[in-house]
Structures are given as C-alpha cells and as structure tokens.
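Peer 1: whatever this is, show me its structure:
(chains A and B)
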Protein chains: 2
Amino acid sequence: MDELKRRILAEGQNLGQGILKVDAFLNHQVDTHLIFRIGQELASRFADAGASKVMTAEISGIAPALATAYALNVPVVYARKTRPVTMTGPVFVEVAPSHTKGVDAFLMVAAEFLGPGDRVLVIDDFLASGSTIDALVRLVEHAGATLAGIGAVIEKRFEAGREAFEHLNVPVVSLAVITDMTDGKIVVE
Amino acid sequence: MDELKRRILAEGQNLGQGILKVDAFLNHQVDTHLIFRIGQELASRFADAGASKVMTAEISGIAPALATAYALNVPVVYARKTRPVTMTGPVFVEVAPSHTKGVDAFLMVAAEFLGPGDRVLVIDDFLASGSTIDALVRLVEHAGATLAGIGAVIEKRFEAGREAFEHLNVPVVSLAVITDMTDGKIVVE
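Peer 2: As a prediction, the model looks like this:
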C-alpha cells in the first residue's frame, strides 16, 4: 500500500531498539481517512476469508480493526487488558508476553462474544514479535472459533513474528513491511 | 437517535449502581455500521463547530471518536492512560478521578499533537459523572487549544455530569439520554 509506505517514510521515527514511532497517523493521533483506506485494503485482501467477526487487542489495534470490520460489514471485538465492571460473565483469557514493556498483558474476551460459530479475522496495528497476535489466536482456539486470517498494518519482518503463524495455514497479510531499522534506517518494502 | 435508543433498550443491561452494560454493540463488541451512523450523527450536530481535531480517551471512546472524526474529515487523538515507549517528547497530563474503578486515571496527550492552533471536539462513549470528559477539557485548556464542543454517545443524566460543563459555553450533545436506572429500569429519552 504505497500511501502507507510514504507516510511511514515521511512521518515515522526510528527510536532505536526496533521501535518505530508512527504516533502522528496510526497510534496516538489517527489519520481517519488513511485508516479507512487501510481498512478497505485489508478487507479486500481477506474478501474470500469468510470472516464473521474481526478481533483485535486494545488499544492501538482498535482503529485499524474497526475500519477493516466496517469494510467487511461485520462486528469487531477488542480483547480487554483490564477487566471492566461490565465484564460480568465468563471470559477467555490468554497472556501476551511483552518484550518492550516488560509486563505481560492479559487479554480477555467475554465468552458471550466469541464462540464456535465465529470465523475470526485477527487484525492488529503491528506484526512484530507476534506475541499479541499469538495471544489473540489462542483466544480464538480456546473459544472453539475458527481463525480466518491474520492482518497487520505494519510488519517488522526482522522480528520474525510471521514465522510463528505459518503452521496455522491461514493468510497472513501486512500492508507495509519494514525490513531494516539498523543504524537509524527505516527500510520499507 | 432512535436506532441507538432501540439498541440500548433491546441489548443494554442494567447492572445496578447506575452501571449500564452495552458491551454487545458499543464497548467490547462494536457494531461497526451503528458506530459509523453514530459518528455521522455527532458530526452533523457539530457541523458548525469548526473542529480541526477530535479528542477522546482510550479505550472505549476510540470507536465513536474515530467515527465522528472520519465524518468531520479531521484527525482524532486519543489520550493515553499509560505512557507508551513511543511517547518520547513533552506531554500534557491531567487526572480523571474514577468513581467506579476506585483508581484515578492519568490522561496524557503528546504536546506535538495538541496546541494553540487546534479547535477540539471532545467525544466519549459515556457522559456520566463527567470526570473523564472534564480531564479531556482540561487537557485542551492546558495546551492552549480551543474547545469546540463536547459529545457523547450515551448520557446518564441522573449523574449530572452535564452541569459541570455549562460554564464552558460550548454545545454539549448526547445521542441517547438515560434518565432513570433505579429498580432495574432503563429509561431512555
């Protein structure tokens, strides 16, 4: 997706340690029309996946997942990291180990919104080490739902998260692939 | 907004203590097409407000704020409750005391995305006691930006949050007003 690649090169910042800051249009401030074009693009890549639901993790997955689900005309469920007072019934819980924050995140989805009838497209902002997406995939499996695919806005290929999902035999799609962030570079494919 | 009122009455749950659960379409699972009609409706109510930016607080404000910002063709900024590794520069911080969670939330916005040039429409999912929205308003003031208005999807009028904003002299809009939740009732205006 050329527009996204241009924005990453123009506005992304390499903070070192493989951390890419795209807070100007994706993570803190969101370019709403860009995010909807991203959603349309992801939806078109998964047009044949038969997804009945999109799932993501709060917080920064919400915008691209919502836009993708809108384009697919299905609901989106975002896994919670803290249990809100309204989450009263049984929940599925998986742990996503964090490499950058040092604190493991618990991802929770209420059983009432995820079950055997669902074909789930997992969407997140980044595919890096893959730990968040892996926890979302385990939530899908845990609930007896079917995984329809995995999509990310930006992939850091050098973190090799993608390889963890090869055995799942579902399409794994990212719209911009970062291949190198050494020495302050941002190389986008 | 009749469609929203119908959904609240059909799918909302009164959990007692004034807590309304709308996780089926607004807070945990999001009906993507409903949320975009909500965004269009909020945008139309603020069509003359001249907003250059929409601001909300993570987490459950993101979906309605994104949809409203999309309809207004402006960016959305969501205030963070934890400081991500990418938030490297100066930030504005305000505290939102929580009545339901017992833990105060710090709301942070990077100074690079909020400043004197911005006319900010504050959007949240709920207007209840008003403490989250009040913290967002203080962020706007703190940054030297101008407040263009305040919008919420659902207002709990019996919590009287609205009264705290009267002195601001900006439009305060909610699309569904809950007037009574005593004795298990959900009364929507």
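Peer 1: now do the buried residues in stretch A:178-189.
Peer 2: A:178, A:181, A:188 (16 or more other CB atoms under 10 Å in any protein chain shown). In this view, the C-beta of every residue, glycine as well, is placed from N, C-alpha and C.
Peer 1: check whether that stretch comes near chain B.
Peer 2: No. Contact of stretch A:178-189 with chain B is not found when judged by CB under 8 Å from any CB of the partner chain; the minimum separation is 13.4 Å.
Peer 1: what's the closest non-adjacent residue to A:Ala143?
Peer 2: Nearest non-adjacent residue to A:Ala143, counting by CB to CB, 6 or more residues apart in numbering or on different chains: A:Leu114, 4.3 Å away.
Peer 1: burial count for that neighbour?
Peer 2: Residues contacting A:Leu114 under the criterion other CB atoms under 10 Å in any protein chain shown number 23.
Peer 1: what do you get for A:Asn169?
Peer 2: For A:Asn169, using other CB under 10 Å, the count is 7.
Peer 1: may I have the strands that pair with the longest strand seen in chain A, each with its orientation?
Peer 2: Scanning chain A for the longest strand, with DSSP state E as the assignment, gives strand A:146-156. Sheet pairing for strand A:146-156, assigned by DSSP bridges, gives strand A:119-127 (parallel), strand A:172-180 (parallel).
Peer 1: tabulate these (a markdown table), appending mean pLDDT.
Peer 2: Output for those, formatted as a markdown table (pLDDT from 0 to 100):
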| stretch | mean pLDDT |
| --- | --- |
| strand A:119-127 | 98 |
| strand A:172-180 | 98 |
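Peer 1: nearest spatial neighbour of A:Val54, chain-adjacent residues omitted?
Peer 2: A:Ala69 (3.9 Å).
Peer 1: would you point out which residue is most central in chain A?
Peer 2: For chain A, A:Asp124 is the residue whose C-alpha lies nearest the centre (CA atoms, centre = their mean; 0.9 Å).
Peer 1: gap between the closest residue to that residue other than its chain neighbours and B:Ala69?
Peer 2: Residue nearest to A:Asp124 in three dimensions, not counting chain neighbours: A:Gly61, with 4.4 Å by CB to CB, 6+ apart. Distance of A:Gly61 to B:Ala69, given as CB to CB, to the nearest Å: 18 Å.
Peer 1: and the two? which has more neighbours close in?
Peer 2: B:Ala69 (28 against 25).
Peer 1: next secondary structure after the helix or strand harbouring the more buried one?
Peer 2: Following DSSP states H and E, one finds B:Ala69 within helix B:62-72. Downstream of helix B:62-72, the next assigned helix or strand under DSSP H and E is strand B:76-79.
Peer 1: ok, the next helix or strand after that next one: who's next to it in the sheet?
Peer 2: Where DSSP H and E defines the elements, the next helix or strand beyond strand B:76-79 is strand B:91-96. Paired strands of strand B:91-96, with direction, are strand B:105-110 (antiparallel) (DSSP bridges).
Peer 1: the strand it pairs with: which residues count as buried?
Peer 2: Neighbour-count burial for strand B:105-110 [16+ other CB under 10 Å]: B:105, B:107-110.
Peer 1: with stretch A:37-49 instead?
Peer 2: A:37-39, A:41-43, A:45-46, A:49.
Peer 1: and that stretch with chain B, contact?
Peer 2: No. With CB under 8 Å from any CB as the measure, stretch A:37-49 is seen stopping short of chain B, the closest distance being 9.4 Å.
Peer 1: please enumerate residues in contact with that stretch?
Peer 2: Stretch A:37-49 is contacted from outside by A:1, A:3-4, A:64, A:66-72, A:119, A:121, A:123, A:148-149, A:151, A:153, A:170-171, A:173, A:175, using CB atoms under 8 Å, 6 or more residues apart in numbering or on different chains.
Peer 1: could you flag which of the residues you listed are buried?
Peer 2: A:1, A:4, A:64, A:66-72, A:119, A:121, A:123, A:148-149, A:151, A:153, A:170, A:173, A:175.
Peer 1: many thanks, we can stop here.
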